[in-house]
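# Sharing a model prediction with you, sequence too.
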Amino acid sequence: MDSSNVHPEDEMSRLFLPPINRGMRVLDRSFFRKTIPTSGAVVNDPAKVSIIKKACEPDMLKLKGVIPVKTEISPVDGTEKIMSITKEEKALMGGRLGEVEQGIKKLIPLHPRVKHNDMSTIPRSLKEFIDSKDVSLVPYELKLEYKDWDYHQIITSILPEELLDEVPSGFTLFGHIAHLNLREHYLPYKHIIAQVILDKNVSCKTVVNKTEEVGMTSEFRVFDMEILAGEPNTVVELSEQSCIFKFDFAKVYWNSRLSTEHRRITEKCDGGGGPFAIPAGKRKTFVWANDLNPESYKSMVENIQRNKVGDFVKAFNEDGRDFIRNSVKDLYKLSQSESWNRVLVSPKIKMSRSNPIPPEQVPLPTVYYIPPTFSHFVMNLPATAVEFLDAFIGVYNGMEELFEPHTSTRLPQIHLHIFDKPKLEDASPSICQRISQYLNYPIKSEDIEITDVRLVAPKKRMYCATFRLPPEVAFAKVEGKRVGGNWKASLDARAWLS
């Protein structure tokens, strides 16, 4: 690059960047040190610190980690050298602080363009305080080290120049784990990238990189990963919708980017499974949630207990089709049981020994009855959930009297997550056609509500298709074990109750 074409301001900005070492393969924090000669405004009158700081505002040294007004000690011998004194050092000085108390002054670090020995570089507002002896300009050495630069500044001083256009900067944080998805050309630098991320993010304790796509070797949507830096601990604890979830990130699928969708579904249907089910249970909604992954099921059981929603949320570990068909019949049987068809919730009462509540004034518990039918089914495995729609064919056959027109109860809504084309106008006909195929019944665009969830790849988007189960499907007479789909596929089916 021709240095004659470099703007002075750009050159000045580069002055504060860390030193470059493009051959570094193991992070050496001690390499990142830099001393920048500049100037400082020593405030001789402590009462005027605020006024002088305001006057210096345009020319103050404004860098992350640099304190605008520093406490300094001017040596008794009157030399111009300035030494910083930290709060810790001040505390350690104790009684000796009085000996040099008169020497402690405030120093305002100035931008290098202001030179203490060149009056032409000093702004007029500051000259007035210099002339009145309220301020003294002195040489000041700004010392920067590894901790003073951010991730991007450090990593761009290490990576080869040809890799600087797309520097890995994004990661998803799951509890204490930073999850990377590094491109192949950055893999030789994966450990040093991970270590800098670990250093620069206080809440991060472990950095992992995905080594394969979701579902490549596991039917449970988990993926192989390697720990690049930090603690070898993949058990995370995180909060969503005022609930606490604890699970092993290496064994249980979780996507924090779907938190908005979790909330949308929960609020729309008053319930859900996993990240849906437990928040719904907090709202006193009955939810039955199924997960084929034994580890996910185990975590769900523990999180149900952890969030104290066991009266309303029930976990299952079954094949998706079996769960859909069995849950419909089991729910109805439970609703008809005089012993098990209700939940009693006692009101929270503040007890007081000085002013006890008479027994006759204690409020009665609220009774929540288990309904005979589900209001919603959520099928949130977008890759294959559509293939399980055949489980709804004839699912309510022989139970027609539970629904309209015999009662006011409508057939349940189905919320189907599905992958399709990136543009909704192209995806909508395809989604309707695929749903119709597995239901063995025509679903039209006016029968369905399609919500755009997120773009997962340049040519693939995730949607949520919501429609009401047609009576022609629900009450159909079924002969044989299978109408369509793949019996061996797995599913995170969520049965919802109102």
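The structure has been received and is ready for your questions.

# Show me the strands in the stretch 101-250 of the chain, by range?
Under the criterion DSSP state E, counting those that start in this stretch, strands of the stretch 101-250 of the chain are mapped to 104-110, 135-145, 172-174, 177-180, 206-210, 225-230, 235-240, 243-248.

# Tell me where the stretch 251-400 of the chain is predicted with low confidence.
Confidence mapping of the stretch 251-400 of the chain against pLDDT under 70 gives the ranges 256-260, 262-263, 266-275.

# Tell me which stretches of it form helices.
Counting by DSSP state H, counting those that start in this stretch, one finds helices in the stretch 251-400 of the chain at the ranges 259-269, 277-282, 294-306, 320-335.

# Output those helices in a markdown table; the columns should cover distance to Pro470 and mean neighbour count.
From N, CA and C alone the C-beta is placed, and that goes for glycine too. Converted to a markdown table, the helices of the stretch 251-400 of the chain look like this (distance: least, CB to CB, whole Å; neighbours: other CB atoms under 10 Å):
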| stretch | distance to Pro470 | mean neighbour count |
| --- | --- | --- |
| helix 259-269 | 19 | 18 |
| helix 277-282 | 25 | 26 |
| helix 294-306 | 31 | 18 |
| helix 320-335 | 16 | 19 |
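
# can you redo the strands of the stretch 101-250 of the chain as TSV with mean pLDDT?
Formatted as TSV, those follow (pLDDT from 0 to 100):
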stretch	mean pLDDT
strand 104-110	85
strand 135-145	89
strand 172-174	86
strand 177-180	92
strand 206-210	93
strand 225-230	94
strand 235-240	89
strand 243-248	90
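
# Can I get those in CSV including distance to Ser327 and mean neighbour count?
Conversion of the strands of the stretch 101-250 of the chain to CSV gives the following (distance: least, CB to CB, whole Å; neighbours: other CB under 10 Å):
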stretch, distance to Ser327, mean neighbour count
strand 104-110, 67, 21
strand 135-145, 60, 18
strand 172-174, 30, 16
strand 177-180, 33, 21
strand 206-210, 33, 21
strand 225-230, 33, 18
strand 235-240, 25, 16
strand 243-248, 23, 18
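
# Dump the ones you listed to TSV, plus distance to Ser428.
As requested, these are exported to TSV (distance: least, CB to CB, whole Å):
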stretch	distance to Ser428
strand 104-110	60
strand 135-145	55
strand 172-174	29
strand 177-180	32
strand 206-210	31
strand 225-230	35
strand 235-240	30
strand 243-248	33
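
# nearest to Pro37, of the ones you listed?
Pro37 lies closest, by CB to CB, to one member of the strands of the stretch 101-250 of the chain: strand 135-145, at 6.0 Å.

# Just the C-alphas of stretch 152-170, formatted as PDB.
Extracted as PDB, the C-alpha positions of stretch 152-170 are listed here (Å, rounded to 0.1, in the frame of the first residue of the first chain):
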ATOM      1  CA  HIS A 152     -11.900  -8.600  16.500                       C
ATOM      2  CA  GLN A 153      -8.700  -6.400  17.000                       C
ATOM      3  CA  ILE A 154      -6.700  -9.400  18.400                       C
ATOM      4  CA  ILE A 155      -7.800 -12.000  15.800                       C
ATOM      5  CA  THR A 156      -7.300  -9.700  12.800                       C
ATOM      6  CA  SER A 157      -3.700  -9.200  13.900                       C
ATOM      7  CA  ILE A 158      -3.200 -13.000  13.900                       C
ATOM      8  CA  LEU A 159      -5.100 -14.400  10.900                       C
ATOM      9  CA  PRO A 160      -3.500 -14.300   7.400                       C
ATOM     10  CA  GLU A 161      -4.600 -11.300   5.400                       C
ATOM     11  CA  GLU A 162      -6.400 -13.400   2.800                       C
ATOM     12  CA  LEU A 163      -8.800 -14.600   5.600                       C
ATOM     13  CA  LEU A 164      -9.700 -11.100   7.000                       C
ATOM     14  CA  ASP A 165     -12.700 -10.600   4.800                       C
ATOM     15  CA  GLU A 166     -14.900 -13.000   6.700                       C
ATOM     16  CA  VAL A 167     -13.400 -13.200  10.200                       C
ATOM     17  CA  PRO A 168     -15.400 -15.600  12.400                       C
ATOM     18  CA  SER A 169     -17.200 -13.300  14.800                       C
ATOM     19  CA  GLY A 170     -20.600 -14.900  15.300                       C
END
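
# Could you tell me how far it lies from the centre of the chain?
How far stretch 152-170 lies from its chain's middle: 23 Å, per CA atoms, centre = their mean, to the nearest Å.

# can you check stretch 45-57 too?
Relative to its chain's centre, stretch 45-57 lies at 42 Å (CA atoms, centre = their mean).

# quick revisit: mind checking which of the strands of the stretch 101-250 of the chain is nearest Phe312?
strand 243-248 (12.6 Å).

# partners of the closest one, with directions?
Strand 243-248 pairs in its sheet with strand 235-240 (antiparallel), by DSSP bridges.

# just to revisit the earlier point, figure out which of the helices of the stretch 251-400 of the chain is closest to Val167.
So among the helices of the stretch 251-400 of the chain, helix 259-269 is nearest, using CB to CB, at 26.2 Å.

# would you say Glu449 is within a strand?
Yes - counting by DSSP: H, G, I helix; E, B strand; the rest coil, Glu449 falls inside a strand.
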